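Asker: Give me a 3D structure for the following:
(one chain, ligands or ions: 1)
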Amino acid sequence: MEKRNKIVAGNWKMHGSRALVQSLVTAIKEGAASLSDQVDVILFPSFVHVPLVNQLLENSAVMMGAQTLDAHASGAFTGEISGPMLIDYGCRYVLVGHSERRHLFHEGLSVVAEKFKAALRVGLQPILCVGETLPQREQGLTENIIHEQLASVIEAVSIDAFQQAVIAYEPVWAIGTGLTATPDEAQTVHRLIRQQLADCHRDIANAVRILYGGSVKADNAKGLFAMPDIDGGLIGGASLEATGFLAICHAAV
Ligand code: 13P
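Answerer: Purely as a prediction, here's the structure:
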């Protein structure tokens, strides 16, 4: 059985100021230094803070990613940011298909697949987010929804691409609500995701890291991270405060 290093990722969404970013990164960098060979810590600031975070993370094992990207490499797309631009400013990862992008910005399955491809083309590791809404869960559609979100990307890029990718299961009903999937509920879905990948390629499925996201906090992280198919967390609200975020990083050891 493959040993998978855990990831703790902080998605700051549209939060933060220059001052907050400065103090948050300084504290996280210091507090996470001792964990560097055990946990991969990745910060996802807003685009405008990417250059500052890049500078602050110099000589640190803490990594940076972006919250989305445009599928094109360049061109007349006012307001958009491309993969090559993100690479140029030190990003190593990029979130693709976050539920806020799918729902608030109407990114459908094909857009998500195009963005995933665009990330791989420039050497950014995509973190593909999948998850069901509350009505979908209540109608017993969780498995179908996750299967469809994952299958559309596998079809677009082939299973081999998942050697350079991470998956995040984020039940939409648990995001920013304080409701968390129990470790068992999350494990059930993580196992399904790994099984779907294993149906295409067993070794790739065993190696891919699957993060849980949705109201992860210092006090529930340990239970979630103890599950066999949960390889860390994608943290929203609790990543905006250094002490709590570092406690989550420590829970992953
Ligand atoms: P919360 O941790 O605030 O629920 O957000 C989860 C999330 O959307 C991370 O991408």
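Asker: drop to CA atoms for contacts and neighbour counts, all remaining ones
Answerer: Noted.
Asker: Tell me how many other residues crowd residue 71.
Answerer: Residue 71: 20 surrounding residues under other C-alpha atoms under 10 Å.
Asker: mind checking the SS state of the spatially closest residue to it that is not a sequence neighbour?
Answerer: With C-alpha to C-alpha, 6 or more residues apart in numbering as the criterion, residue 71 has its nearest non-adjacent residue at 4.6 Å, and that residue is residue 115. Three-state assignment for residue 115 (DSSP: H, G, I helix; E, B strand; the rest coil): helix.
Asker: Spit out the contact partners of residue 115.
Answerer: 69-71, 96 (C-alpha atoms under 8 Å, 6 or more residues apart in numbering).
Asker: So which of the residues you listed are in strands?
Answerer: Cross-referencing the contacts of residue 115 against strands under DSSP state E gives residue 96.
Asker: ok, of the contacts of residue 115, which one's closest to the ligand?
Answerer: The nearest member of those to the ligand, counting by C-alpha to the nearest ligand atom, is residue 96 at 10.3 Å.
Asker: After the helix or strand bottoming out on mean pLDDT in the chain, which helix or strand is next?
Answerer: Within the chain, no helix or strand scores below helix 134-138, which has a mean of 95 by mean pLDDT, DSSP states H and E. Heading C-terminal from helix 134-138, the first helix or strand you meet, by DSSP states H and E, is helix 142-157.
Asker: list the buried ones in that next one?
Answerer: Going by neighbour count (16 or more other C-alpha atoms under 10 Å), the buried part of helix 142-157 is 142-143, 145-147, 149-151, 153-154.
Asker: same thing with stretch 42-59?
Answerer: By 16+ other C-alpha under 10 Å, the buried positions in stretch 42-59 come out as 42-47, 49-54, 56-57.
Asker: what mean pLDDT would you report for that stretch?
Answerer: The average pLDDT for stretch 42-59 rounds to 98.
Asker: how long is it end to end?
Answerer: Stretch 42-59 has an end-to-end distance of 14 Å (criterion: C-alpha to C-alpha, to the nearest Å).
Asker: next one: stretch 175-188
Answerer: Start-to-end span of stretch 175-188 (C-alpha to C-alpha) is 18 Å.
Asker: same check, this time on stretch 212-219
Answerer: In stretch 212-219, first residue to last residue: 15 Å (C-alpha to C-alpha).
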